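Participant: Any chance you could fold what I've pasted below:
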Amino acid sequence: MHFDIYGALSWIIGKQMEVNLQDFSGEYLYSVAAIFSAGAYLLRSTLWLRILLVLAAIVYIITGVSLGITSMIGWNSTYLLINLAHIVVLMLYRVTINLPPETREIYRQYFSTMSTREFEKLIMMNYFNVYKEQYIATEQSDTDRLYIILKGEVKMTRKKKTIAVLRRGDFIGEMSFLTNEQATADAYAENLVQCAFWTHSNLEKLKLRNKDTYNKFIAIIGRDLVRKLNSQYDVHIELVTRLDYVI
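Facilitator: Take a look at the predicted model:
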């Protein structure tokens, strides 16, 4: 009789320890998964965010199996598949592709912070217009388009006076486009000019679809503005220097 009571007590204690160990392991795994999830949203890189969410989903699934929670397994399996699909797409964006000769130089000079696939999606699969002996944009006009020159030259004039000649790879109207103000100069295509262009709606869609590419594109536009402003400043300094010399 004494042996039976001792055996029963040992069995009960053993089962209780097993249950407590399972609870502890489940809680521990859940905390690890939560750390992965929290860490993902602290990252600026979309790719690494997705990778951490995949790791979190895997640990959540293991937790669900450990605790016997079917809903946790099912939902996190869905999240796992969604994030894996996004990772595949993001990795494809990073694969180098061969660009057409006419756009290769534009990419090398102005868009090298992007992958070649991002550049192709942004430029080559966009809206195009061809101009000849006509204005692309006019001074004091409202515009919802940001242009980039792919072929030809565009003469920029203000009050009938030429202020710049833009060539392949240059943007047209970025200041008015970004500030939603009227154009400050005329853009005239004397000979054949091919341009790609975006609207505010296009960029909003890009921002929602791929924020990394959107941020890179905005940075490229900003650098182009700085380059043009520096060029105008250099011309101004040269003019002042010449006037000083004459005086």
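
Participant: domain ranges for this protein?
Facilitator: Following automatic domain parsing, one finds the domains of the chain at 2-94, 101-246.

Participant: Please point out the stretch among those with the lowest average pLDDT.
Facilitator: Least confident of those, judged by mean pLDDT, is domain 2-94 with a mean of 75.

Participant: tell me the contacts of the closest residue to Q140 other than its chain neighbours?
Facilitator: Leaving aside its sequence neighbours, Q140 sits nearest to Q182 (CB to CB, 6 or more residues apart in numbering; 5.0 Å). Heads up, the C-betas are built off the backbone N, CA and C, glycines and all. Contacts for Q182 (CB atoms under 8 Å, 6 or more residues apart in numbering) come out as 139-143, 176.

Participant: Just list whatever residues bridge to the closest residue to D186 other than its chain neighbours.
Facilitator: Spatial nearest neighbour of D186, excluding adjacent residues (CB to CB, 6+ apart): T157 at 4.7 Å. Beta-bridge partners for T157, by DSSP bridges, are T162, D186.

Participant: how far away is T157 from A187?
Facilitator: As for T157, its distance to A187 is 8 Å (criterion: CB to CB, to the nearest Å).

Participant: And the two? Which one has more around it.
Facilitator: Comparing T157 with A187 by other CB atoms under 10 Å, the one with more neighbours is A187, at 24 against 16.

Participant: Doesn't W198 belong to a strand?
Facilitator: Yes - counting by DSSP: H, G, I helix; E, B strand; the rest coil, W198 is located in a strand.

Participant: Is it correct that it is in contact with F128?
Facilitator: No - taking contacts as CB atoms under 8 Å, W198 lies outside contact range of F128: 11.5 Å.
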